[in-house]
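Participant: I'll drop the sequence and a predicted model, then ask my questions.
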Amino acid sequence: MRISLFQPDIPQNAGSLLRLGACLGCPVDIIEPCGFLFDDRKLRRAGMDYLDLAEMTRHRSWEAFQAARADGLKGRLVLLSTRAETSHLEHAFRPDDILLLGRESSGVPEPVHAAADVRLRIPMRPGSRSLNLAMAAAMVLGEALRQTGGFPPP
């Protein structure tokens, strides 16, 4: 299981997700360009001392990420999207799924949306637009790890 962030805008979210990945043994892909300097102090503050434990791969572009997938980074691309029809609770996750999250400001462009093997949404109350990116990733990752027995042993 992997988390992939498409051109993240907010360093605190990226730091929180790197920390989540470090704590749960889940690699994190950062698909650049980012909307912040990667050495931003806000990223460090959110990630705390867990950033050194995180297994992170930076990809200079969407095309570089796709090349890495073709070159051995296997697994279905599972896009979290407010436009999706299927709930993450109705989906059967696999241990090698790649959870893809779009930019906080604009999601993902249509070619990235179309490249996803699966598109999932988190059920919310009517009138709610979206959750915080790090929160959404944690919810879906938790369900995916529960389904696949992927949580680290106690």
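Facilitator: Now that the structure is in, tell me what you want to look at.

Participant: which secondary structure element is home to residue 120?
Facilitator: strand 118-121 (DSSP states H and E).

Participant: can you check residue 57 too?
Facilitator: Residue 57 belongs to strand 56-59 when assigned by DSSP H and E.

Participant: thinking again about what came up before, packing partners for the helix or strand just after the strand holding residue 120?
Facilitator: The helix or strand immediately downstream of strand 118-121 is helix 133-148, counting by DSSP H and E. Helices and strands touching helix 133-148, by 3 or more C-beta pairs under 8 Å, 6 or more residues apart in numbering; DSSP states H and E, are strand 2-6, helix 11-24, strand 77-80, strand 98-101. Using the backbone N, CA and C atoms, a C-beta is placed for each residue, glycine as well.

Participant: which strands or helices does the last one pack on?
Facilitator: Other elements packing on strand 98-101 under the criterion 3+ C-beta pairs under 8 Å, 6+ apart are strand 2-6, strand 77-80, helix 133-148.
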